[in-house]
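J.: Here you go, sequence then predicted model.
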Amino acid sequence: VISFSVDNTSSSALGSFTLEGTAVYDGVTDSANEITASTLVVSGKLGSANVTIGVGSSAKDAALAINAKESLTGVSASAVTKAELSAVSAVGTFSFNLIGNASASAAISVNVSDVSNLTGLRDAINEKSGVTGITAAFGSDTSKIIMTHLSGEDIKLENLTHATTTVTMSFQAFDKNGSG
């Protein structure tokens with residue numbers, strides 16, 4: 001999610017200054033995000049400029065590209081990435097690599113003994129936040145974990161293993177307010 005700040009808040013200068021998007025990893029075909037190359041026309045109090053967002057860019061990359069044109073537009077951007085992990089179908093030990101800061105990876109391995117209480121998983125993610133930049137908190141209940149990267153890096157889970165080959169879970173991108 002990319003948010004814009006505005007220097008002039010007079011009623012004649014206000015408009016829509018939020019650009020939001022979500023990406024979903026299907027877990028089957030590849031682990032890259034689904035951002036396609038695009039050019040945004042960013043208009044602000046100083047003027048307009050084209051901003052190129054590259055293939056596979058994170059929200060952080062997009063905000064940096066917009067900020068590079070701030071002297072031409074007067075528009076600045078910030079980014080945050082959120083995703084919810086929920087609907088875990090089986091107990092047992094989950095192991096995966098959690099990737100965040102500049103593709104920094106941290107190995108997570110945790111036993112989930114109750115699919116309605118993911119406290120151990122939340123705590124394991126938070127223990128690695130110094131490496132990944134990703135923090136975890138409960139969603140609407142303890143069976144849902146909201147992961148957040150405050151500077152907008154991608155949140156990736158790779159090499160997920162579990163003793164049960166039929167285990168399923170949901171991993172959904174959220175907007176900056178934590179809504180899917």
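T.: Structure's in. What do you need? Numbering: from 1, shown residues only.
J.: tell me which element the residue lying closest to Leu160 once chain neighbours are set aside is part of?
T.: With sequence-adjacent residues excluded and distances taken as Cβ to Cβ, 6 or more residues apart in numbering, Leu160 is closest to Phe96, at 4.3 Å. C-betas here are computed from N, CA, C, even on glycine. For Phe96, the element it lies in under DSSP states H and E is strand 92-99.
J.: cool, Asn126 as well?
T.: In this assignment (DSSP H and E), Asn126 forms part of helix 119-127.
J.: roughly how far is that helix from the heart of the chain?
T.: 17 Å (Cα atoms, centre = their mean, to the nearest Å).
J.: in the helix or strand just after that helix, what's buried?
T.: Downstream of helix 119-127, the first helix or strand assigned by DSSP H and E is helix 129-132. Neighbour-count burial for helix 129-132 flags Ser129, Thr132 (criterion: 16 or more other Cβ atoms under 10 Å).
J.: end-to-end on stretch 91-105?
T.: End-to-end distance for stretch 91-105: 24 Å, by Cα to Cα, to the nearest Å.
J.: what does it rub up against?
T.: The contact list for stretch 91-105 (Cβ atoms under 8 Å, 6 or more residues apart in numbering) reads 106-115, 121, 125, 128, 131-134, 149, 153-164, 167.
J.: Can you list phi and psi of Ser71 for me?
T.: Torsion angles at Ser71 (phi, psi; degrees, to the nearest 10) stand at phi -70, psi -20.
J.: quick one, phi psi at the residue nearest to it when sequence neighbours are not counted?
T.: Among residues not flanking Ser71 along the chain, Leu46 sits closest, at 7.4 Å (Cβ to Cβ, 6+ apart). For Leu46, the backbone dihedrals are phi -100, psi -20 (criterion: degrees, to the nearest 10).
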